[in-house]
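# Sequence below, structure please.
(chains A and B)
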Amino acid sequence: MKKIAGVLLLLAVIAFGAMLGLNLEKLRPQQEQDAYAENIEDIRNLQALDASWSLATLQTYTTPNSDFDQVASFLPQVRELRNRLATGDLSADEVPDAIKNKLNRFLLLIESKEESIEQFKSNFAVVRNSIKYLPLASQTLTARLRQLGDQEQAQRITAIFDRTNAFLQNPDEGTQMRLLMELSKMNEDLMSFPEEIVNPLGNFISHARVLVERKIQLNSSINDVAAQNARKVGDELISLYKSYHEKAREQALARHLETYQLVLIWATLLVIAGLISAFLLWLAARQFDAKLEKRVAERTEEIEQAAAKASDSLVGKNLDSSLAGMGNMAATVAHEINTPLGYLDSNLQVLHSGMEKMQLLMNEFVTLKKDLRETEDAGQINARLENFGALVQNIKDEAMLDELPEIIDDMQEGVQQIQHVTNDLRDFTRKDRSPQDWFDIEQCVTSALKMAQKEIPPETKIITSLKNLPKVYGSPAEINQVLMNLITNAAHAVEAAGRDKGSITIKAVEQKGHILVSVMDTGQGIDEKTRSKIFEPFFTTKDVGKGTGLGLAIVRRIITAHGGKVFIKSIVGKGTNFIFTLPVKRQPGEE
Amino acid sequence: MTREKPPTSKARKELLRYAAGLLSGLVAAVAIAGQPLRNEPIKPIPLTVDVDEKKVALGRLLFHDPKLSKDNTISCASCHSLKTGGVDRQKVSTGIQGRKGNINAPTVFNSGLLFRQFWDGRAETLEEQVDGPIQNPVEMGSQWPDVLAKLYDDPKYPGLFKAIYPDGIKRKNVKDAIAEYERSLITPNSRFDQYLRGDEAAINEQERQGYELFKSYGCISCHQGVAVGGNMFQVFGAVNSYFKQRGNIQKADMGRFNLTGNEMDRHSFKVPSLRMAALTPPYLHDGNAKTLREAVDIMFKFQLGREAPDEDKDALVAFIKTLAGEHPEMEK
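Below is the predicted model of the structure:
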């Protein structure tokens, strides 16, 4: 049963621990929160970079002497953010497709922004050069052609130049097509021009073609840079992500609560398991008790039978010493209690009869009072008064009222004697120990003397020699009692010896790790036969009312419990010396 | 031919409004960027660069270590020798087992200033670039696990890596160290930069004239910024077709088109930085221009689509030669 209870409890604890360990991760939602905040920040940063990047790009278009370093300087940051978002937890499996798609769109926008910027740079560089060079080329060519007298071709070139210019102002695909066709026709005719014209004209045509082709590309790349605004998609992404995150957080919170619930349930189960185990243990203990009781009962019966046999065979002789002890105990206790009970009883009888008389007097008084009020008959009242007077006289004669204080005092004394016996019995059988501490023997002697003072005859001399003693560890209250018992015994012995100038000497010395305390009296001494029994409980030599027979037994029990021993030395007619030892333990912190 | 309709007036208005809306942001951006010493389209290279010296030291070792190649014969420095301007001065480089590359090796100097890496800009960062030559079968021809294993076996590397990177010898750490070293390879304080910083005597009259021509002919449209290039793509043959004339068009000639498939990216390359041009012949992605002057001729013909007198071209070459700055590991 105990095993089952133990295993049950162990299993519950293990299960609880495992459950807690498994759910510990769930109890920490902070990381998700951080990742979320970082993602939002990355998106916002990328939006901001995208905007500044576009602006920096367009700025190069309108600034003379511009370079593209600043435009290119955005790349590392843009790359970092883009890679982080693309590979981060926003692309995780559990993220809804709507968000992933939006993220992809957002990142694609950034990517195509980069592409548009590259196209812009390339187109812008070429268009810028050609716009600058074309008028020069046109002028040089037409001037030379006019010099050569070829007005027609000069005009043709001027016309293309003008139309290219017009196209540059307002580019449209129709004009572009027509111009490209014309340029290509002119290129085919190239060899019909004078040789010195061929190369400059070829360059003119190339530049015009570059412009016609690239201007639209340039405009479209500028348009792309300006129009591809990642802000809107970024905002949409953020709002999608936010609502998803909030939902996920709610779910996480719910999971969190569930986890707490789980923990709670497990804790409850653990408590229940504990209770069950405790119950099972209790049950086991009870069964054990029952068994024990049964065994004790059996054993007691055996002993009783044996005792009966023994008493049958050894009537009146050599009784077993423990049985004798028990007999002693019963006899002493009965005797010690019966004697005061005896005079309590007789005193109570006296009181009782007295009280009966008082009762009669009271009744007579009440009747008298009534007659005085109701009866006119003087004879009747006189008779009553006489009756009353006789009762009072009777009480007076018996002197009961005079004896009353003495009777009550005697009864009180009897009660105290009984109390004394029961206290000693209790002390002797007490299993618990009074509080332990470091204490001074000297103090114990002082207080024991004070307590035993009323037992010590006034003329008895008290000698103490208690110098430089280490403190002792133990129960000062118990040692007080030991000393008090010994001093009381000594006082009784001195008194019993009837010597006027008796003395009690209390000495204590330290010797070989022990303190030896001796209480010596100049009493009548104890003979050897008595000495052998003197520490047995309920053994007493004193008159009834003077001792319970437990005093020295208590002394021995206490001293033994303190790790010490009790000895007795005595010379009949000279006195007795009770010696007890207490081990000297070192106080913590002492060398 | 056209990709999209030209902007309508509505779109233009949108554009204006958009630009206006962001104007406040621009003010801040310009204020942060600061005003250059002169309002010139070319900016001086910063005199110092903020790099982790420990990583640079490790990166230098790796950059010069042939263990990075399959047969332990080729290091990064084999084709990008710092002594010779960060290039091998070959039309195309020679990799392991004498294999020829398919494109002219660009200089490693100032590569940290470029907006992308490789001629076609396929690598966004220097770190990403490292993968290319190490794994390219005609260059170093290695596999990363082999490289890492060789570095492990080298007594000096495990400790050096551990001192910088808690996770020790890892592919990303090798790349990080090499990239950091490359970022340290700037060439500041060129004569032209001194001129930009206010020392009028730093360049001579022809060179100054060359700079003015560089701007007025329109070279500056592409070759601008701190690296004098390296911050944009341009079609090679923007005005006149280079490849029609040269012929024998290879995959490498397609440039960025190989990546994007976009028709407009056909023959489009990263505009190379002219900073180290004085020291890094031959020129162009195909190494077809043996001299700077030849390169200038080609540029005039196909990029600018115009003619120029020899003295102007000479002045341009003189100017371009003032752009190369200093680096301790470079032989002057």
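# Need the contact partners of the lowest-mean-pLDDT helix or strand in chain A.
Using mean pLDDT, DSSP states H and E, helix A:2-23 stands out as the lowest-scoring helix or strand of chain A, at a mean of 72. For helix A:2-23, contacts defined as Cβ atoms under 8 Å, 6 or more residues apart in numbering or on different chains pick out A:259, A:262-263, A:266-267, A:269-270, A:273-274, A:276-278, A:280-281, A:284. (Glycine included, C-beta is placed from N, CA and C.)
# What of stretch B:251-262?
A:115, B:102-103, B:119-122, B:233, B:235-236, B:243, B:263, B:265-269, B:285-286.
# So B:Gly229 belongs to a strand, correct?
No - with DSSP: H, G, I helix; E, B strand; the rest coil as the criterion, B:Gly229 is assigned coil and is not in a strand.
# Now that it has come up, it's in contact with B:Ala277, right?
No - judged on Cβ atoms under 8 Å, B:Gly229 makes no contact with B:Ala277 at a distance of 9.1 Å.
# Which segments of the chain make up each domain?
All of this is about chain A. A:123-227, A:324-424, A:433-583 (automatic domain parsing).
# try again with chain B
Domain assignment of chain B by automatic domain parsing yields the ranges B:53-184, B:191-321.
# Of those, which is nearest A:Ile216?
For A:Ile216, the closest of the domains of chain B is domain B:191-321, at 11.7 Å, according to Cβ to Cβ.
# Mind checking the pLDDT average for that closest one?
The average pLDDT within domain B:191-321 is 95.
# Start and end of that domain, how far apart?
9 Å (Cα to Cα, to the nearest Å).
# And the closest residue to chain A within the stretch 51-200 of chain B, its phi and psi?
When scored by Cβ to the nearest Cβ, the stretch 51-200 of chain B has B:Phe115 as its residue closest to chain A, at 3.9 Å. With angles defined as degrees, to the nearest 10, B:Phe115 sits at phi -80, psi -20.
# For the domains of chain A, give me TSV that also has mean pLDDT.
Formatted as TSV, the domains of chain A follow (pLDDT from 0 to 100):
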stretch	mean pLDDT
domain A:123-227	92
domain A:324-424	78
domain A:433-583	82
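# Just give the nearest non-adjacent residue to the residue of the stretch 51-200 of chain B closest to chain A, would you?
Distances taken as Cβ to Cβ, 6 or more residues apart in numbering or on different chains put A:Ala72 closest to B:Phe115, at 3.9 Å, once the chain neighbours are dropped.
# Would you agree that neighbour falls within a strand?
No - counting by three-state DSSP, A:Ala72 falls outside a strand, being helix.
# you'd agree it is up against B:Phe233?
No - in this structure A:Ala72 lies outside contact range of B:Phe233 using Cβ under 8 Å: 11.1 Å.
# So which of the contacts of stretch B:251-262 sit within helices?
By the criterion of DSSP state H, membership of the contacts of stretch B:251-262 in helices covers A:Glu115, B:Phe243.
# among the contacts of stretch B:251-262, which ones are buried?
Buried members of the contacts of stretch B:251-262, scored by 16 or more other Cβ atoms under 10 Å in any protein chain shown, are A:115, B:103, B:119-121, B:233, B:235-236, B:243, B:265-269, B:285-286.
# Out of those residues, list just those in strands.
B:Phe233, B:Val235, B:Ser268, B:Phe269 (DSSP state E).
# Looking at those residues, which is nearest chain A?
Nearest to chain A among those, with distances taken as Cβ to the nearest Cβ, is B:Phe233, at 5.5 Å.
# Please give me every residue in contact with that closest one.
By Cβ under 8 Å, 6+ apart, the contact set of B:Phe233 is A:Glu118, A:Lys121, A:Ser122, B:Gly121, B:Gly255, B:Arg256, B:Asp265, B:Ser268, B:Phe269, B:Lys270, B:Val271.
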